[in-house]
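Enquirer: Structure, please.
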Amino acid sequence: EEHNDGRLFKMFEDTVLASYEDNTYVESFECHVLGEDDREERWLLHWSTPITDGTYAGGRIEHYTDITERKRYEHELEEQRDNLEILNQVIRHDIRNDMAVVRGRANLLEEHLDEGHPGWDDLRAVQRSTESAIELTKTGRDLAETMLSTEDDIEPVRLDQHLRTPIEHARSAFENATITVDGELPDVRVRGNELLEAVFRNLI
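Expert: Residues are numbered from 1 along each chain as shown. You can find the predicted model right below:
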């Protein structure tokens, strides 16, 4: 803790001494030592365990491990994660804006053409590609959220609920495809979160 802050030092002291009053449990916590003058900032992992027998029974083993490099690495990863998230949002936003313009212009052209026009097939190809590009931005969002999610986000979720919507969406989006389910969707819970539906949607 901060060595020059009496309150924080007292908290550190009380935590350590409390383990001697109830000498039955292992104590573990991180300590942040601020840099000052010629001393570098450090992170330490404090670990304390009771001595239950022998000459020093009733005492404790106090151990400190320097985890400064690990904390710095974790901080760098957090910054990279934040930067990637911002980059992903900006790129998706720009692509969707451009595709919205393309879709709008294509729809205007459609009003002046009919299926017999020589450019009709080309126009339809542009429209399909535009919708596909917009869908890809959703896929990028889903993948980014999946990659940036943490173990804390995981919980038991209904598998059938997350499968049913992607199947229905695919059936309506791809009229020439035949999508069948062998039997009933399983009524079970799996470890996941709301992004599970996005995973199934992209797989299907």
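Enquirer: Can you check what pLDDT the model gives the residue located most distally from the centre of the chain?
Expert: Here the chain has its C-alpha centre computed as a mean, and the residue farthest from that point, by Cα atoms, centre = their mean, is T55 with 50.0 Å. On the pLDDT scale, T55 is placed at 90.
Enquirer: which residues does R158 contact?
Expert: Applying Cβ atoms under 8 Å, 6 or more residues apart in numbering, one finds that R158 lies in contact with 187-189. Where you see a C-beta, it was placed from the backbone N, CA and C, and this is true even at glycine.
Enquirer: between those residues, which is nearest E79?
Expert: R189 (35.6 Å; Cβ to Cβ).
Enquirer: pretty sure the closest one contacts I154?
Expert: No. Under the criterion of Cβ atoms under 8 Å, R189 lies out of contact with I154, with a separation of 11.9 Å.
Enquirer: still on that earlier bit, can you redo the contacts of R158 as a markdown table with pLDDT?
Expert: As requested, those are exported to a markdown table (pLDDT from 0 to 100):
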| residue | pLDDT |
| --- | --- |
| D187 | 88 |
| V188 | 92 |
| R189 | 92 |
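Enquirer: Tell me which of the residues you listed fall in helices.
Expert: Where the contacts of R158 are compared with helices, as defined by DSSP state H, there is no overlap at all.
Enquirer: Which of those ranks first by neighbour count?
Expert: Of all the contacts of R158, the most densely surrounded is R189 (13 neighbours; neighbours counted as other Cβ atoms under 10 Å).
Enquirer: That one bridge partners, please.
Expert: Under DSSP bridges, the beta-bridge partners of R189 are R158.
Enquirer: That one and G119, how far apart?
Expert: According to Cβ to Cβ, to the nearest Å, R189 stands 52 Å off from G119.
Enquirer: cool, and L136?
Expert: Applying Cβ to Cβ, the value for L136 to G119 is 25 Å.
Enquirer: which of these two has more neighbours?
Expert: For L136 and G119, the more surrounded residue by other Cβ under 10 Å is L136, and the numbers stand at 15 against 11.
Enquirer: Please give the element, helix or strand, for that one.
Expert: Taking DSSP states H and E as the criterion, the element that holds L136 is helix 120-148.
Enquirer: mind listing what's buried in that helix?
Expert: 123, 126-127, 130, 134, 137, 142, 144-145 (16 or more other Cβ atoms under 10 Å).
Enquirer: In this structure, which strand is the longest?
Expert: Longest strand in the chain, counting residues (DSSP state E): strand 42-50.
Enquirer: residue contacts, R81?
Expert: When the contact criterion is Cβ under 8 Å, 6+ apart, the partners of R81 are L148.
Enquirer: what about it, which SS state?
Expert: For R81, the assignment made with DSSP: H, G, I helix; E, B strand; the rest coil gives helix.
Enquirer: Distance check, it against E135.
Expert: Distance, R81 to E135, by Cβ to Cβ: 25 Å.
Enquirer: Ok, E27 next?
Expert: With the distance defined as Cβ to Cβ, E27 ends up 52 Å from E135.
Enquirer: Just to be sure, F29 is in a strand?
Expert: Yes. F29 sits within a strand when classified using three-state DSSP.
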